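A.B. asks: What follows is a predicted protein model with its sequence.
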Amino acid sequence: MSQSRQFLEREKLGHAPNLNTVLMVEELLKETGELISVAEIKRRLPRKVMHQTLLIILNYLQLSGKIIIGTKGVLWIFSEREELNELIKKGTEI
């Protein structure tokens, strides 16, 4: 069973957030590039998102390894492949 299916079953959702909403939250977190509170995420989103829906999205993004959720807020940690290639080029071969 896939990780996302397990997540949905564990959350016992009546519905799942749509892809556009998930992508909207992802894009905001990527662009922010720093620690941001859940309340600030809600304020900066171009459309209103229910609090519970936002928490579901954030939990999913954390499970997928794209963000870290801490007591002070949320931080985007996922590195795009292009960025990773640049870091590899600058690194020292062992």
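C.D. replies: Noted; the coordinates are in hand.

A.B. asks: Name the next helix or strand following the worst-scoring helix or strand of the chain on mean pLDDT along the chain.
C.D. replies: Every helix and strand in the chain was compared by mean pLDDT, DSSP states H and E; the lowest is helix 3-11, with a mean of 59. Downstream of helix 3-11, the first helix or strand assigned by DSSP states H and E is helix 19-32.

A.B. asks: Which residue lies nearest the spatial centre of the chain?
C.D. replies: Most central in the chain under C-alpha atoms, centre = their mean is L61, positioned 3.7 Å from the mean C-alpha point.

A.B. asks: Can I get the helix or strand that one falls within in CSV, CA atoms only?
C.D. replies: For L61, the element it lies in under DSSP H and E is helix 51-63. The C-alpha coordinates for helix 51-63 follow below in CSV (Å, rounded to 0.1, in the frame of the first residue of the first chain):
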residue,chain,number,x,y,z
HIS,A,51,-7.6,25.1,8.8
GLN,A,52,-8.1,21.3,8.9
THR,A,53,-7.4,21.1,5.1
LEU,A,54,-4.2,23.0,5.5
LEU,A,55,-3.1,20.7,8.4
ILE,A,56,-3.8,17.7,6.2
ILE,A,57,-1.7,19.1,3.4
LEU,A,58,1.1,20.0,5.8
ASN,A,59,1.1,16.5,7.3
TYR,A,60,1.3,15.0,3.8
LEU,A,61,4.2,17.3,2.8
GLN,A,62,6.0,16.3,5.9
LEU,A,63,5.5,12.6,5.3
